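Undergrad: Next one to model:
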Amino acid sequence: EIKMNTSIGTDQWLDKIWELSLKYFNIGRNLDRIREYAVLGLVPSAQSKQIKRAFHAKAKKCHPDKQNSMSSDGDSGAEFRKLKMAFDELNKGTHGVSSSDMKPFDTILQGVGTLLREKVMELLLEQRYESVAELLFELPNLCLLDDEVSPPFDSEKIRRNVISVVKGHVKKVRVEVQ
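TA: Residues are numbered from 1 along each chain as shown. Predicted coordinates:
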C-alpha cells in the first residue's frame, strides 16, 4: 500500500507505516513508539541490547563533536538530538516489563504452553494420534521463540509439560487395556 501511494512526503511515510501497522498488526502490541524505532533503524520487537547497540553506532556517526566544524549546516546536532530523544523514549521504564514494553504477539505467545497442552489433551481424547505425533515432532522448534517474547519464555519447560501429558495418557491407556 505504501508503494502505491505516491503522495507520501519525507516524514509522512512513518505515519503511513504506523497507520497500516495498526490496521493489520495491532494484536497484543504497542505501536506508539514506532517512530522512535524507525529513527534508530530498528523493528518494534527489538531487544534493549539491540536498541543500545543501534544508538551507539548511529551516535558515533552523527555526534556534533565528530562532525566537521567547517560544515555549512548550522544545526549539525539536530540529527543527534533526534537520535538521543528516540533512545531516551525507548529506554524509559526498561527496569521491568510492562504491558507498554511488550513486543509483537507477546500476549499470544505467553499462553502458547497452555494452548499446546490443551490441544494435545483434546487430540488424545479424540484419538488423533497422527496429529499428536506431528505436534510432538514440531515441539523442538519452540526454542526459536525463546528470545522473541518479553519476558522470555522457557520452551524446554513447555516441551516437557506437553510430553508429560502424552506420557500420562499413554500410561492411562495401558492400564485400561491391561
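Undergrad: Okay, strands next: where are they in this protein?
TA: Counting by DSSP state E, the chain forms no strands at all.
Undergrad: Quick check: longest helix in it by residues?
TA: helix 155-177 (DSSP state H).
Undergrad: got the buried residues for that one?
TA: 155, 158-159, 162, 165-166, 169 (16 or more other CB atoms under 10 Å). Backbone N, C-alpha and C define where each C-beta goes, glycine included.
Undergrad: Could you identify the pair within those that is furthest apart?
TA: Ser155 and His169 (21.4 Å; CB to CB).
Undergrad: list the contacts for the closest residue to Asn161 other than its chain neighbours?
TA: Nearest residue to Asn161, sequence neighbours excluded (CB to CB, 6 or more residues apart in numbering): Arg117, at 5.8 Å. Counting by CB atoms under 8 Å, 6 or more residues apart in numbering, Arg117 touches 161-162, 165.
Undergrad: and the gap between the spatially closest residue to Gly77 that is not a sequence neighbour and Met85?
TA: Of all residues not flanking Gly77 in the chain, Pro64 sits nearest, at 4.0 Å (CB to CB, 6+ apart). As judged by CB to CB, to the nearest Å, Pro64 and Met85 stand 15 Å apart.
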